[in-house]
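**Q** I'd like to go over a predicted model; first the sequence, then the structure.
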Amino acid sequence: MKKSLFIFTLLFSGFVSAQDTIQPNEVIVTEQSNESKNHFKNSLGEIKFNLDESGEKNLKFGLSSQIWFRAIENNPGTLVNNVPQETTFDAGIRRMRISMNAQLSHAYSIVLQLGINNQSFISGGGTGTGANGQGKKPQLFFMDAYNELSIIPRVDRLTKKANKNHLYVGAGLHGWAGVSRMTNASTTKLLTADLPVFNFPNIEVSDQFSRQIGLFAHGELNKFNYRVSVNKPFATNKIPTIGQTVENNQSGKLSFAGYGMYQFLDKEMTATSFLAGTYLGSKKVFNLGAGFYATKEATLSQPEVDVFQSHDQFILGADAFLDLPVGPKSKEMSMSFYSVFYKYDFGPNYLRTSGLMNPGSADPDFQGQVALDGFGNNKFLMGTGNMWYTQAGFVLPKFSEVVKVQPFASYALKDLEGLNEIGHFYDIGANLFILAQNAKVAYQYSSRPLFDKESKEVFTRRGEHLLTLQIAL
């Protein structure tokens, strides 16, 4: 009976506000920030479990899920579950997360985030599920697991006033990454329905879902916000064919990363490593940023038979982010804009393809022209070369006390050394916000180019319709 009552209290507390007087061991919900309160009267806060009367020692919990429904125009010559398919309809769990933050004192905290990613009807399952059950029983894993120490806190412990500068250091499996704002993106505050993914240069290769293990520091010097890290990349050991460059860091060199942004208008909250893609006009933000990622001997090529050569990985990024309310205040309209330029160097002619929750494989009996990109929804994700990505959104004039609508569009240009033509990628869609960014529905149509195997030039295009449902607390 007591356990049932506690669970009911925990769930119910997610829909009520915190009291002025907080007792020890009380589960409460606090406002995440004033921005949600000002624009969404019914938005949810966070689950917080205070361990002392002051609330200085506490446990915070977060829950989030993103469910996908798609109609995929497959690349030519695709099998899905051993059946040729031009179009595949699927459903999947893109992300399911549980996050925990333990504030053990005013200076020391532990951050954990665990969950699953990319489970569909045919992919993302754990080992041993069988040829006809690849999507079943995905393995739960940690995305974040680190300790953090406050050197100069955001708020002075004695005066309770905000410090102009602050500094935190930590260690563990973390996402305090370099390169760009989008390399540090919040997956629950996206402008588009999903990230372009090439914003994570080592995703699921020498990192664990964009995280590496190491030491990090982050903080602010007045308006300048920064993060730096030194990490041990996860081991890779691929062997290239002649003329190919692949991930191979067997010499075991460290990686170094950093990102800094100057905040011209409002400051952003950076208690976690994740940065929002849109504030829906609840802040006035204009930031310019730049970052890098570097590691020695990260890839391996075979220029001639039995001749192997290691290559350094070096990446630069520069970006701009703008989020502003526009028009009459009563209309609650706003615009969001982000643009980033990447210079990626993984070694000569490095190319990487990927398809999110890809349902397809090669059809050996297909007689037509197949794409160099691969099968299913595969596309050229990234490579050595230059990439430019821009996204923009606009919150429509207020028509409801409950919901908001935000159309958006994005464009990516990929000028990759290993291809003979620039690739142009397009997304267009809209967000329907129900409880601020706690609950939303998003639709997006994406168009991707496909490259010919011989000419390495674009010969056709394919598209993908995506409907995503998000709940986050």
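**A** Yep, it's here. Numbering: from 1, shown residues only.
**Q** Just give the number of residues close to Tyr259.
**A** 26 (other Cβ atoms under 10 Å). For every residue, glycine as well, the C-beta is placed using N, CA and C.
**Q** pretty sure it contacts Asn184?
**A** Yes - counting by Cβ atoms under 8 Å, Asn184 is a contact partner of Tyr259 at 6.6 Å.
**Q** Show me the common contact partners of those two, please.
**A** Both Tyr259 and Asn184 are in contact with 177, 227, where contact means Cβ atoms under 8 Å, 6 or more residues apart in numbering.
**Q** Contact partners for the nearest residue to Asn118 once chain neighbours are set aside?
**A** The shortest distance from Asn118 to any non-neighbouring residue, by Cβ to Cβ, 6 or more residues apart in numbering, is to Gly124 (4.5 Å). Counting by Cβ under 8 Å, 6+ apart, Gly124 makes contact with 92-93, 116-118, 134-135, 138, 357.
**Q** Which pLDDT value goes with Gly124?
**A** If you check Gly124, the pLDDT there is 85.
**Q** Is it in a helix, a strand, or coil?
**A** coil (DSSP: H, G, I helix; E, B strand; the rest coil).
**Q** ok, so what distance separates it from Ala271?
**A** The gap separating Gly124 from Ala271 is 30 Å, by Cβ to Cβ, to the nearest Å.
**Q** now swap in Gly214 and tell me
**A** Taken as Cβ to Cβ, the span from Gly214 to Ala271 is 20 Å.
**Q** Compare these two and say which is more crowded by neighbours.
**A** Shown here are Gly214 and Ala271; by other Cβ under 10 Å, Gly214 has more neighbours (21 against 12).
**Q** My understanding was that the more buried one contacts Ala171; is that so?
**A** Yes - if you go by Cβ under 8 Å, Gly214 and Ala171 touch, sitting 7.1 Å apart.
**Q** got the residue ranges for the helices in the stretch 1-150 of the chain?
**A** 2-12, 34-39 (DSSP state H, counting those that start in this stretch).
**Q** And the pLDDT at His166?
**A** So His166 comes in at 95 (pLDDT).
**Q** pLDDT check: weakest of the contacts of Gly124?
**A** Within these, pLDDT is lowest for Gln134, at 73.
**Q** That residue touches Asn118, doesn't it?
**A** No - Gln134 is not in contact with Asn118 according to Cβ under 8 Å; the separation is 11.5 Å.
**Q** check contacts around Ala71.
**A** 87-89, 464-465.
**Q** Same check on Pro76?
**A** 366, 368-371, 450, 460 are the contacts of Pro76 under Cβ under 8 Å, 6+ apart.
**Q** so where is the chain shaky, pLDDT-wise?
**A** By pLDDT under 70, the weakly predicted segments of the chain are 1-45, 126-133.
**Q** Run through the strands of the stretch 51-200 of the chain in chain order.
**A** 58-73, 78-80, 83-84, 87-103, 108-120, 141-152, 165-174 (DSSP state E, counting those that start in this stretch).
**Q** can you pull the buried residues of the fourth one?
**A** Going by neighbour count (16 or more other Cβ atoms under 10 Å), the buried part of strand 87-103 is 88, 90, 92-97, 99, 101-103.
**Q** What separation is there between the residue nearest to Asn118 and Lys343?
**A** 32 Å.
**Q** Need the nearest residue in space to Phe121, chain neighbours excluded.
**A** That would be Gly135: by Cβ to Cβ, 6+ apart, it lies 5.0 Å from Phe121.
**Q** Relative to Arg448, how far out is the residue nearest to Asn118?
**A** Gly124 sits 21 Å away from Arg448, going by Cβ to Cβ.
**Q** Likewise for Lys164?
**A** Distance from Lys164 to Arg448, by Cβ to Cβ: 46 Å.
**Q** who does Gly317 bridge with?
**A** Gly291, Tyr342 (DSSP bridges).
**Q** same question, Thr460
**A** Leu450.
**Q** Quick check, Ser339 in contact with Gly317.
**A** No - applying Cβ under 8 Å as the test, Ser339 and Gly317 come out as separate, 11.1 Å apart.
**Q** Compare these two and say which is more crowded by neighbours.
**A** Taking Ser339 and Gly317 together and counting by other Cβ under 10 Å, Gly317 has the greater number of neighbours (24 against 15).
**Q** Distance-wise, check the more buried one relative to Leu288.
**A** In terms of Cβ to Cβ, Gly317 sits 12 Å off from Leu288.
**Q** Then Thr353?
**A** For Thr353, the distance to Leu288 - Cβ to Cβ - is 32 Å.
**Q** Met143 now?
**A** Taking Cβ to Cβ, one finds Met143 at 28 Å from Leu288.
**Q** got it, and Ser339?
**A** 11 Å.
**Q** same check, this time on Ser229
**A** Ser229 is 21 Å from Leu288, by Cβ to Cβ.
**Q** got the buried residues for stretch 136-145?
**A** 138, 143-145.
**Q** I meant to write stretch 251-270 there.
**A** Neighbour-count burial for stretch 251-270 [16+ other Cβ under 10 Å]: 253, 255-261, 263, 266, 268, 270.
**Q** ok, which pair from these is furthest apart?
**A** Spatial extent of those (Cβ to Cβ) is set by the pair Lys253 and Asp266 at 39.1 Å.
**Q** With adjacent residues omitted, what lies nearest to Lys343?
**A** Leu316 (4.5 Å).
**Q** isn't the one you found right up against Ala294?
**A** No - counting by Cβ under 8 Å, Leu316 does not reach Ala294; the two are 9.4 Å apart.
**Q** Report how many residues lie close to Asp52.
**A** 12.
**Q** how much space is there between it and Arg97?
**A** Distance, Asp52 to Arg97, using Cβ to Cβ: 28 Å.
**Q** so Phe366 touches Glu86, yeah?
**A** No - contact between Phe366 and Glu86 fails when scored by Cβ under 8 Å: they sit 11.1 Å apart.
**Q** Helix or strand for Arg212, just tell me which one.
**A** Heads up, residue 212 is Gln, not Arg. strand 212-221 (DSSP states H and E).
**Q** Contact partners for Gln313?
**A** Neighbours of Gln313 in contact, by Cβ under 8 Å, 6+ apart: 201, 293-295, 298-299, 345-347.
**Q** and with 6 Å instead?
**A** 295, 298, 346 (Cβ atoms under 6 Å, 6 or more residues apart in numbering).
**Q** again, but for Thr353
**A** With Cβ under 6 Å, 6+ apart, Thr353 has these contacts: 373-374, 378, 380.
**Q** Check for me that it belongs to a strand.
**A** Yes - Thr353 sits within a strand when classified using three-state DSSP.
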